[in-house]
Every structure is written in structure tokens, then in C-alpha cells.
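> Sequence unavailable; structure follows:
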């Protein structure tokens, strides 16, 4: 019996050690960033292709990642020194009960478009003198090439939505790393990328209703597939320009 108790205690202690090893805090300390992809300054070779780097960590094809980014955000991470944003007033309204709309044209990424987006964002952040809504404003916009919403900051292990915005805006490379981290933290999305299931990629990244926003019958999923096939045509058909 003593031997059995010792063995049982040993097994319990072993599983407790494993649990501690793999457990993690849900909320990192304010101002910290915990990345599965290293910050730009920690990458050994700054000349390596960022798409190859991130795709290798995700175990997906770099051509798929390029196509995903191209369809999601075109080719711009910033404009006139400001990270590209898209203000989502319905998110801010859900948090605060206050509506702050974008007035002016939206759509194509232009200076005029971004002036309108930032006007709404800044008005929301400054609605109350004590900064009551500032954090909610940062949570209610999406940023950069990956257009990741600010409210995902905890999921991506940033201390605040401001830190997430700063990281994405710091360079195109870090924007792609943030997108890689976003994919990695959703097993369904990661699986869809590995399987090249365009419908599920679109569903898990843009929501089940993505087909409602088709342009001339061409959906978000169709565009990713088309761009992937443009970048990586069937063997023997020649190479293409993979720049975005």
C-alpha cells in the first residue's frame, strides 16, 4: 500500500508540473508584448522574406499568406506616416452607447479616406476629458495590413490596444507577424489555411456573412483563391510577380 501511495503521489506531482509548465496568464502586464513571432529587432536575418518566415512558423504556404494579405488590405500598412485604420462605430457604440460616425468617403485607401477614419477615431478617443473612452476607441478600430481589430489585444498578448496599434504600425514586417500570430491563435483558421479551404478562411477571418459583401458575385474567398492561383500558377505555366 505504501508503494501504491508513493506512486500515486508521484503521478499527481508529475501532472501538476506539466500543468504549470503549459499554463499562462490570460492578461499580461500592462505594456508587455508576448510574441510567438519575434519583434523585428530580434530576427536574425533582416534580409529574409517576411512571408517565408511567418509561413514557415505557421506551416502554411507563403503564397497563401501573400494572397491573404493582398485581398485583406491591398498593399499598404501605412499612409503619410500613419498606420492604416478602419473605424468601426458599431463596436464603439456597443462598448459605450455613443455613436461616432465616419463622415466622408470610405473604401479605397487614400489620404482623404484616412483623414475621415482618423477624424472619427480621434473624436471618440477625446469624448471625455479624463480619457474615459480612449481605450474603447483603440479597441474599436482595425489596423494595418492585417486589419486586426484592437479588441484582440489580449488574444495577441499585448498589454493594451494602443500597444497593438503601435506594433502593427511600426513596420510592414511586424504587421505580417501580428497577422501570423492572429492565425496561430485560432486553430480553426490555422487549419483552414493549411488545407487551403478558402471558404473557411473567409468565414473565420471575416465572419460567416462574408458572402453578403460579394462584389459582382465574387466573394472574399473567391478573391483569395484567385490571388493564390495568380501567385502560384500550376507547374509548368511560368512564374509571376509575387510583389504586393
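Received, thanks. Note that the coordinates shown come from a computational prediction; the quantities given were computed from them, not determined experimentally. Numbers count the residues shown, from 1 in each chain.
> Low-confidence regions, this structure specifically.
Filtered on pLDDT under 70, the chain yields the residue ranges 1-48, 75, 128-131, 234-244.
> any idea where the helices of it begin and end?
For the chain, the helices defined by DSSP state H cover 2-22, 50-58, 62-73, 89-96, 111-125, 134-139, 161-170, 172-184, 187-195, 198-206, 220-231.
> For residue 213, find the nearest of those.
With CB to CB as the measure, helix 220-231 is the member of the helices of the chain nearest residue 213 (7.1 Å). Placement of C-beta: from N, CA and C, glycine included.
> other SSEs contacting that closest one?
In terms of contacts (3 or more CB pairs under 8 Å, 6 or more residues apart in numbering; DSSP states H and E), helix 220-231 is packed against helix 62-73, helix 198-206.
> quick one: the longest one to chain centroid distance?
Which is helix 62-73. 12 Å (CA atoms, centre = their mean, to the nearest Å).
> likewise the shortest one?
Distance, stretch centre to chain centre, for helix 198-206: 13 Å (CA atoms, centre = their mean).
> quick revisit: tell me which of the helices of the chain sits nearest to residue 79.
helix 111-125 (5.4 Å).
> Tell me who's in contact with the residue nearest to residue 165 when sequence neighbours are not counted.
Nearest residue to residue 165, sequence neighbours excluded (CB to CB, 6 or more residues apart in numbering): residue 143, at 5.1 Å. When contacts are counted by CB atoms under 8 Å, 6 or more residues apart in numbering, residue 143 touches 83, 84, 85, 150, 164, 165, 168, 169, 175.
> let's go with 7 Å and repeat that
Neighbour list for residue 143: 83, 85, 150, 165, 168, 169 [criterion: CB atoms under 7 Å, 6 or more residues apart in numbering].
> roughly how far apart are the closest residue to residue 59 other than its chain neighbours and residue 58?
Of all residues not flanking residue 59 in the chain, residue 194 sits nearest, at 6.4 Å (CB to CB, 6+ apart). The gap separating residue 194 from residue 58 is 8 Å, by CB to CB, to the nearest Å.
> Among these two, which residue is more densely surrounded?
More crowded of residue 194 and residue 58, by other CB atoms under 10 Å: residue 58, with 21 against 14.
> Could you dump the helices of the chain into TSV with distance to residue 79 added?
Formatted as TSV, the helices of the chain follow (distance: least, CB to CB, whole Å):
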stretch	distance to residue 79
helix 2-22	41
helix 50-58	20
helix 62-73	11
helix 89-96	21
helix 111-125	5
helix 134-139	19
helix 161-170	11
helix 172-184	12
helix 187-195	27
helix 198-206	22
helix 220-231	22
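> which residues sit in contact with the nearest residue to residue 52 once chain neighbours are set aside?
Leaving aside its sequence neighbours, residue 52 sits nearest to residue 62 (CB to CB, 6+ apart; 5.0 Å). Taking CB under 7 Å, 6+ apart as the contact definition, residue 62 lies against 51, 52, 55.
> Selecting buried members of these in PyMOL, what would you type?
Selecting only the buried entries of the contacts of residue 62 in PyMOL, with 16 or more other CB atoms under 10 Å as the criterion:
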select buried, resi 51+55
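> Next one: the nearest residue to residue 176 once chain neighbours are set aside from residue 62, what distance?
Spatial nearest neighbour of residue 176, chain neighbours left out: residue 50 (4.9 Å); criterion: CB to CB, 6+ apart. Noted for residue 50: a distance of 9 Å to residue 62, by CB to CB.
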